[in-house]
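S.K.: Provide a 3D model corresponding to the input given below.
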Amino acid sequence: MFSIKLFLNALTKKQKIILSVLCIFLVADLVLVVQKYLSPSSAVKLSFPPAMHTPSEKLRALNGNARSSSQKAGYAYYKFTKFQKNKFLEYFNKYGDAAVVICIHVKPGKAYDSLASQGEMPFMYGFLFARDFKKNGSIYGEINKRPLVSADLRGMKDFSLSLSVQKDELKKDDTLPDGFFIYTAVPVSITGAAVREAAVGWDKSGTVSFYGFAPTGGKVNAQSLSVDFSGCSMVFPSQNTSSSVMPDIHLSFRGTEDFGTPDKPATFSINAGGEKYVLYRVKNMNSYQIHTSALRNPFARIETDDSSYEVQSVMMVRGESGAITPAGKHVLVPFKTDPGFIMDWPTGNWRTADYELFEWDRFPGVLFFDTRTYDIQNDFFRRLAFYAEKTGYRGTLVSDDVLKNKHAYNAHDYSAETLASFFTKAATENFKLNEKEYLLRDILLANKVIEKDTGGYKAGKGAVVSVSQDSPLWLRRRFIAHEGWHGIFFTDEKFRNAVAAVFYTMDQTSLDFLIKFWHTQSDLDYDTNDTYLVHNEFMAYLMQQPLPEVADYFVHLANRGSVMKGIPELAAYVRKNNGMQFEDAARVLNEYAFDNWGLSCGRVSLVR
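M.R.: Numbers count the residues shown, from 1 in each chain. Next up is the predicted model:
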């Protein structure tokens, strides 16, 4: 009978050393085999957002390909640990959406070269759910058909895929996946996996391209300039409610030095669910944010016109949670947006029936009110209009009885200083304001346009402008431009200086016409003793319409019966000169606005 002891005794010392080394290598190989084929852990770790304060942990591997640090051609199955699933659910419940992002590195080699010459090299990514597992935790031999993300790996090296979880308010735990799987035609490495916010679209701005998909899945197309958002209603809220807000669309573009001219600005266009938007390229701005609340059909295909500029990303993500207004509360937090979207923002997407609140995304603190009716707008601003601008009433708080039969304006604008002064006077005099005026005060405080001060309020940063749905669309366009320029005037000292320079070099007779015109119109009657106010209105009247329309606009004013009766000689002067002095002055301000902000007369927006 063979004796191991006798065998070892018969070996020389040198042979024993060699045998020991061989045994060590054998044990090491066995450990590797066990790790690869029997260990429950994969080489891939699942991470969570930093705010979760959750350590990364390895996923469970359900087959040998998943245990390996490099995935061969075929399937690899990964399962979340109980800890990971609980954290996933916690994140989903907290934020209302979630996605699993995997990072893929395509490995070059003979297999890649061989398949590349033959045609398509498919890659697929999908979720595993509880129904895919047996009672003992192992996966069924075949998994049922389901939505997948698919890609052709030809020409791809490093990229990320994101697959969003379907929202389900009643059974969130059942909605979440228990893991995921991949299929690859060529060797790849899954270099990482993460739970992140849902994001649908693509981002090619970095060295690693990102492709995000709704639960419906889809195909990666590295050349496509469109995104299908039709599945996003399964991920994001489809309306603004007391507990949710609709998502945003982010677009970014490669930098450019070609911004065009004031007469022919550089633009690009997008088609969002059948609505065409023209967006302007301007200095120091290579990204745009679009609230889907502004779109009539947000969950549809969006296509970009990339004839002149390279689009780097188009992505739908969750909306700002701060814009959510709880039931029974007033809307205090504005949507940050471009005035071009305010023009025709669907009222069905407003967060409250009487008004919607916006903040100019390029001029922080400039708030836009859009009110359902003139009456609601009057409740907010009529008393303030008399306090701020009306001759004979400036600096006084007019009673409701006096205001009852008086007209203010169909659109409004006020500086932070005027607003602080108005509410301070009301506080010190114990003057009772109406409900909407107290709401206006709260909105201004919440957005730091005014701030509390000893005995009253002080000016913060910003201004307020207002328009109403009672104005027809063409007039809203004019009002938004007119009031928007006031908002810039209030908040930009350099612009005020530029306006003053144009004012003091303006043809004096034409200037006299404008100032006296205000007195011929009882609904205006600006206090012309206030130089700041006069400069502000002078600028807005020049810049509220496109430059080619400026001269005709002032000739039109000079042709009004009340104007010809009130200031006949001045009106005749404007008609004789075809209003060209006004156009000349407007051209100077037009060039200033374009050089500084990419804006122009008649247009305070970057969206049309």
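S.K.: alpha carbons only for contacts and neighbour counts from here, please
M.R.: Will do.
S.K.: in contact with the nearest residue to Ala571 once chain neighbours are set aside, which residues?
M.R.: Closest residue to Ala571 apart from its sequence neighbours, by Cα to Cα, 6 or more residues apart in numbering: Ala558 at 4.6 Å. By Cα atoms under 8 Å, 6 or more residues apart in numbering, the contact list for Ala558 reads 564, 571-572, 574-575.
S.K.: and with 10 Å instead?
M.R.: Residues near Ala558 by Cα atoms under 10 Å, 6 or more residues apart in numbering: 513-514, 517, 552, 564, 567-575, 578-579.
S.K.: do Ser150 as well
M.R.: Contact analysis of Ser150 by Cα under 10 Å, 6+ apart lists 122-126, 161, 182-184, 217-221.
S.K.: can you list the residues you listed in a markdown table and add neighbour count?
M.R.: Output for those, formatted as a markdown table (neighbours: other Cα atoms under 10 Å):
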| residue | neighbour count |
| --- | --- |
| Pro122 | 14 |
| Phe123 | 22 |
| Met124 | 17 |
| Tyr125 | 21 |
| Gly126 | 22 |
| Leu161 | 22 |
| Ile182 | 22 |
| Tyr183 | 19 |
| Thr184 | 22 |
| Gly217 | 19 |
| Gly218 | 19 |
| Lys219 | 14 |
| Val220 | 20 |
| Asn221 | 14 |
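S.K.: restricted to strands, list those residues.
M.R.: 122-126, 161, 182-184, 218-219 (DSSP state E).
S.K.: turn these into TSV, including pLDDT and distance to Ala193.
M.R.: Converted to TSV, the ones in strands among the contacts of Ser150 look like this (pLDDT from 0 to 100; distance: Cα to Cα, whole Å):
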residue	pLDDT	distance to Ala193
Pro122	91	20
Phe123	94	16
Met124	96	15
Tyr125	97	12
Gly126	96	13
Leu161	97	10
Ile182	95	12
Tyr183	95	16
Thr184	93	17
Gly218	94	19
Lys219	94	20
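S.K.: re earlier: of the contacts of Ala558, just the buried ones, PyMOL syntax please.
M.R.: In PyMOL, this line selects whichever of the contacts of Ala558 come out buried by 16 or more other Cα atoms under 10 Å:
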select buried, resi 513+514+517+552+564+567+570+571+572+573+574+575+578+579
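S.K.: just give the nearest non-adjacent residue to Pro334, would you?
M.R.: Nearest residue to Pro334 in three dimensions, chain neighbours excluded: Phe358, at 4.4 Å (Cα to Cα, 6+ apart).
S.K.: shouldn't that neighbour be within a strand?
M.R.: Yes: checked against DSSP: H, G, I helix; E, B strand; the rest coil, Phe358 lies within a strand.
S.K.: isn't it up against Lys336?
M.R.: Yes: if you go by Cα atoms under 10 Å, Phe358 and Lys336 touch, sitting 5.7 Å apart.
S.K.: what's the overlap in contacts for those two?
M.R.: Going by Cα under 10 Å, 6+ apart, residues that sit against Phe358 and also against Lys336 are 365-368.
S.K.: any low-confidence regions in the stretch 1-150 of the chain?
M.R.: 1-39, 111, 116-117 (pLDDT under 70).
S.K.: what are the boundaries of the strands in it?
M.R.: Secondary structure of the stretch 1-150 of the chain by DSSP state E, counting those that start in this stretch: the strands cover 41-47, 57-61, 74-79, 99-106, 122-128, 149-152.
S.K.: and the strands in the stretch 251-400 of the chain?
M.R.: With DSSP E, counting those that start in this stretch as the criterion, the stretch 251-400 of the chain has strands spanning 267-272, 275-280, 287-291, 301-304, 311-317, 335-337, 355-360, 366-371.
S.K.: so where's the stretch 351-500 of the chain uncertain?
M.R.: Within the stretch 351-500 of the chain, no stretch has pLDDT under 70.
S.K.: report how many residues lie close to Ala323.
M.R.: Ala323: 20 surrounding residues under other Cα atoms under 10 Å.
S.K.: identify the residue spatially nearest to Lys452, adjacent ones excluded.
M.R.: Lys458 (6.3 Å).
S.K.: next one: the one you found from Glu451, what distance?
M.R.: As judged by Cα to Cα, to the nearest Å, Lys458 and Glu451 stand 5 Å apart.
S.K.: find residues that contact each of the two.
M.R.: Both Lys458 and Glu451 are contacted by 416, 420, under the criterion Cα under 10 Å, 6+ apart.
S.K.: show the backbone phi and psi for Val467.
M.R.: phi -130, psi 170 (degrees, to the nearest 10).
S.K.: before we move on, back to that, so which of the strands of the stretch 1-150 of the chain is nearest Val235?
M.R.: Val235 sits nearest to strand 99-106 of all the strands of the stretch 1-150 of the chain, at 9.6 Å, using Cα to Cα.
S.K.: what is the orientation angle of the closest one with strand 122-128?
M.R.: The directions of strand 99-106 and strand 122-128 differ by 150 degrees, with axes from the mean of the first three to the mean of the last three Cα atoms, to 10 degrees as the criterion.
S.K.: so Arg131 sits against Ile139, correct?
M.R.: Yes: assessed by Cα under 10 Å, Arg131 is found in contact with Ile139 at 9.2 Å.
S.K.: more neighbours: these two, which one.
M.R.: Ile139 (19 against 14).
S.K.: contacting residues for the more buried one?
M.R.: 62-63, 77-79, 128, 130-133.
S.K.: which strands border the strand or helix carrying the residue nearest to Lys452, and is each parallel or antiparallel?
M.R.: Lys458 belongs to strand 456-459 when assigned by DSSP states H and E. Applying DSSP bridges, strand 456-459 is found paired with strand 450-453 (antiparallel).
S.K.: what residues sit buried inside the partner strand?
M.R.: 450-451.
S.K.: how about the CA coordinates for it, as PDB?
M.R.: Only the C-alpha atoms of strand 450-453 are listed here, as PDB (Å, rounded to 0.1, in the frame of the first residue of the first chain):
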ATOM      1  CA  ILE A 450     -36.800  92.500  -0.600                       C
ATOM      2  CA  GLU A 451     -35.600  91.600   2.800                       C
ATOM      3  CA  LYS A 452     -36.900  92.400   6.300                       C
ATOM      4  CA  ASP A 453     -35.200  95.400   7.900                       C
END
